[in-house]
Structure formats: C-alpha cells, structure tokens
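# The following block contains a protein sequence and its predicted model.
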Amino acid sequence: MHFTHRVFRSTVECVTATADPVETAPLRAGTPAYRRTTLALFVAGLTTFGSMYSTQAVLPELTRVFGAAPAVSALAVSVTTGLLALAIIPVSALSERFGRTRVMTVSAVAAVVLGLVIPLAPTLEVLLVLRALQGIALAGVPAVAMAYLAEEVDGRDLGGAMGRYIAGTTIGGLLGRVVTAVGLDLLPWRGAMELFAIAAAVLTVVMIRTLPASRFHVPAAVSVRTTVGGMLGHLRRPALAALFALAFLLMGGFVSVYNFLGFRLLAEPFALAPGVVGLVFLIYLAGTWSSGAAGRLADRIGRRRVLLASIATMGAGLAITLPDSTPAVLVGMVVFTAGFFAAHSVASGWVGLLATSHRAEASSGYLFCYYAGSSVVGAAAGLAYAAAGWPGIALAVGVGIAAAFVLVVAVLPRSRSEAPRG
C-alpha cells in the first residue's frame, strides 16, 4: 500500500512537471491554442473596425440628406475615432484591474447595441452624439488586443499573430464600408447602416464564444498615478515615443485619404455611382494581405527595414493617385493601402516587444496617437480638400508620410537589441 502510494505520487509529480511548462508556455504558431486565439482576435478586429468605419461609405449621403458640408459629414467618422482615442488609456487601465477578455467582451457588446440604435437618429447632431458614444464603447478591443497578444504569444511568433489581428481590422473596415455601400443601392441610408449593425452583432457572438481567457495576465489594482507613471516611462524611451508619433502621422493620413476619396470619385470627371464607389473599398484586401506578410517578414529580417519599405510604399501609392484617371487612382490606392497596413502591423507589434512592463499602457499610448491622428488630421484634411481638392489632400498627407520616414531613420533602432529577452 505504501509502495503503491509512492509510485502514484511519483507518477503524478512526473506528469505535472512535464505538463506544466507546456500549459503555461507562451503560444507558438501552429498549435491549436494559437489558432483559436488568433481567430478570436481576427473576428474582434472584424466587428470593431467594421462598426468604426461603417459610416464612411454614407458620408456623401449624409451631406445630401442633412444639407451639411463634406467636412461636417466627415465628423461621423472623426468623432468616433476621437472619443475612442480619449477612452483608450482609461479602458486599458480598467483591463489591468478587471481582465483583458472581460473588457473586450463588454466593449464589443456595448458597441453593437449603439450600432443598432445609430441609424434611428433623427438629426445629424444626434447621430454624431451616438457615434461619439460608440467610439467610447469600441475602445475596449483595440486598447486591450495588442497587450493581450503580447502576453499570450511567444515573442518569436508575435509578428505573425499581430499581423492576423491587423488583417481582421482591415477586413472589418472593408466589410463596414462595402456592406453599407452596397446596401445604399437597395435601401435608404438608415437601412444600409442597420444592415451592417446586424452583421456586427453576429460577429460579436462568434468572438465571445471563441476568445480564450488570459493565462498570463494577473489582475492588479490601478490608479491614476500608476497609469500616468507607466505612460511617462514609455514616453521617455525614444523608440516608443517615435512609434507613437508614427501612429499619429500614418493613421491621420490614411483616414484623410479614404474620407475624401468618395467625394472625389462621385464628382467630375469620374462621376461614379455610389454603389461603385463603395466597391472601391475592396482595396482594403491589399491591406489584409500586406499586414500579415509584413509581420512575418519583420520577424525574419528586422522591423526597421520592413517599416521603412512600408512607409515608402505609402508615399508612392499616394503619388500615383494624383492624375484624374480611374485606373491610376485605383492602382495608387492599392499600393497606398498595402503600405499603410504593413507599416501599422510592424509598428504595433514593435510596441509590444519594446515595452517590458506596463504593456497595456504602451499599447494604449500607441493607439491613442493612432486614433487621435485619425480624428485630428482626418478632420483638418477637410480644410485642405476645400481649399485645393485632391492635390491638397495629397500634399498634406505626403508631408506626414515624409515626416514618418525621417522619424524611423533618425530614432528607431537598427537591431532588435531593445526587444525584451526570452
């Protein structure tokens, strides 16, 4: 009996000793747990970014129905991203206390409820208020997703995992725009927006049922002091500060181009139908491919090199869109979009590697700048478009792209020496 007990205890200890490292090891590419985790984050990107940009396809229709200027209608996108930017840091702090998956789940559900109500808005002012509230609700997924992946996935495979999440955001942005744009050919603008809101609700259910619980995050008490202290610590690191500035410049330029692309293509000499203009958003698929490819390539040959190439690609694509030629505009937008999402995939993954502590604050700092750029630059671009049309947009965005390129050359490290060890 004694002998049997000793054998049983030794066997259990042996199994535990060999099983625990597997169960608690960061996720590696190719494992079922890695696939499930990245699938959940892919779907989270779909529903969040689809909801965020579903109004972009109806901006010309809002201008027509409510008699507003294009720059005012564009606020239907800018107020959402602006309030999301303001909510990013507080929401990321909440995730430290209440857990990553819980915050993402509550965020997605609240955003869906607001999305179903927004098409019922009686005036443009009410619509803008509801879109602002939706921006706050949407903050939970982008505020937490990057930190969640950085904690759960092995650093050697983080680029690929982040690329898959970014791919979900690109397809989500595409679905939000295309579903709404195609709906405009069949339904009034309110029905078109409701159509995507229902799709977002279905995607949210899939996300909730798929998302694994955090394994490495330990809930901790948070305070304004610790949150601000963590953020200031990140800002004192030149590489992280440069990545934050990069997010502001590149996202601001990207949203500016897409905000006013529809107005350009509806006007002479293009004069395309609204449904056709909506299909232009299929160009987002270029970003779906480039984000994943850039993440994997950065894991192999270095992030700085891939980031510089991606920013240069954005600039080249923007230049190609200048002629009043439909083929030139389409080709230019494909190149521009692929470059942007490649740059975002690499930069966002780099933040997770450089931040050895307070990762949620680092991710939220990057995303605050990302969405602040979308809101501030996206709104200001309306003035450039009013003053000089598409060349004004190209000039303003081109200056931002050039500044981003210089930042990478001057500040970001040539090697992975600043990445966390292990």
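Sure, I can see it.
# Backbone dihedrals for residue 153, both of them.
phi -100, psi 140 (degrees, to the nearest 10).
# can you count the residues close to it?
26 (other CB atoms under 10 Å). From N, CA and C alone the C-beta is placed, and that goes for glycine too.
# Contacts only, for the nearest residue to residue 235 once chain neighbours are set aside.
Nearest-residue entry for residue 235: residue 241, 5.3 Å, with adjacent residues in sequence omitted and distances by CB to CB, 6 or more residues apart in numbering. With contact set as CB atoms under 8 Å, 6 or more residues apart in numbering, residue 241 has these partners: 234, 235, 411.
# likewise residue 309?
With CB under 8 Å, 6+ apart, residue 309 has these contacts: residue 342.
# and the residue nearest to residue 235, what element?
helix 238-266 (DSSP states H and E).
# Quick check: residue 414 is in a strand.
No: with DSSP: H, G, I helix; E, B strand; the rest coil as the criterion, residue 414 is coil rather than part of a strand.
# And the pLDDT for the closest residue to it other than its chain neighbours?
Spatial nearest neighbour of residue 414, excluding adjacent residues (CB to CB, 6+ apart): residue 304 at 5.8 Å. Looking at residue 304, its pLDDT stands at 92.
# in what helix or strand does residue 304 lie?
Applying DSSP H and E, one finds residue 304 within helix 303-320.
# what angle separates that helix from helix 238-266?
Counting by axes from the mean of the first three to the mean of the last three CA atoms, to 10 degrees, helix 303-320 lies at 20 degrees to helix 238-266.
# so where is the stretch 301-422 of the chain shaky, pLDDT-wise?
Within the stretch 301-422 of the chain, the stretches with pLDDT under 70 are 356-360, 415-422.
# is it true that residue 394 touches residue 317?
No: judged on CB atoms under 8 Å, residue 394 makes no contact with residue 317 at a distance of 10.6 Å.
# Could you list the low-pLDDT ranges of this protein?
1-23, 216-223, 226, 356-360, 415-422.
# any idea how far residue 195 is from the residue most central in space within it?
By CA atoms, centre = their mean, the chain has its centre lying nearest to residue 169, at 5.4 Å. Note on residue 169: its distance to residue 195, by CB to CB, to the nearest Å, is 20 Å.
# Kindly report the same for residue 406.
For residue 406, the distance to residue 195 - CB to CB - is 43 Å.
# more neighbours, these two?
residue 195 (19 against 11).
# for the more buried one, helix, strand, or coil?
helix.
# Is there a neighbour count for the residue nearest to it when sequence neighbours are not counted? I'd like the number.
Of all residues beyond its chain neighbours, the one nearest residue 195 is residue 183 (4.5 Å), with distances taken as CB to CB, 6+ apart. The burial count assigned to residue 183 is 23, neighbours taken as other CB under 10 Å.
# Can you dump the C-alpha atoms of the helix holding residue 304 in PDB for me?
The C-alpha trace of helix 303-320 is given here as PDB (Å, rounded to 0.1, in the frame of the first residue of the first chain):
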ATOM      1  CA  ARG A 303      11.300  45.500 -38.200                       C
ATOM      2  CA  ARG A 304      13.100  48.700 -39.100                       C
ATOM      3  CA  ARG A 305      13.800  47.600 -42.600                       C
ATOM      4  CA  VAL A 306      10.200  46.400 -43.300                       C
ATOM      5  CA  LEU A 307       8.800  49.600 -41.700                       C
ATOM      6  CA  LEU A 308      10.800  51.900 -43.900                       C
ATOM      7  CA  ALA A 309       9.800  50.000 -47.000                       C
ATOM      8  CA  SER A 310       6.200  50.100 -46.000                       C
ATOM      9  CA  ILE A 311       6.200  53.900 -45.400                       C
ATOM     10  CA  ALA A 312       7.900  54.400 -48.800                       C
ATOM     11  CA  THR A 313       5.200  52.300 -50.400                       C
ATOM     12  CA  MET A 314       2.500  54.600 -48.900                       C
ATOM     13  CA  GLY A 315       4.200  57.600 -50.400                       C
ATOM     14  CA  ALA A 316       4.500  56.000 -53.800                       C
ATOM     15  CA  GLY A 317       0.800  55.000 -53.800                       C
ATOM     16  CA  LEU A 318      -0.300  58.400 -52.900                       C
ATOM     17  CA  ALA A 319       1.600  60.000 -55.700                       C
ATOM     18  CA  ILE A 320       0.100  57.600 -58.200                       C
END
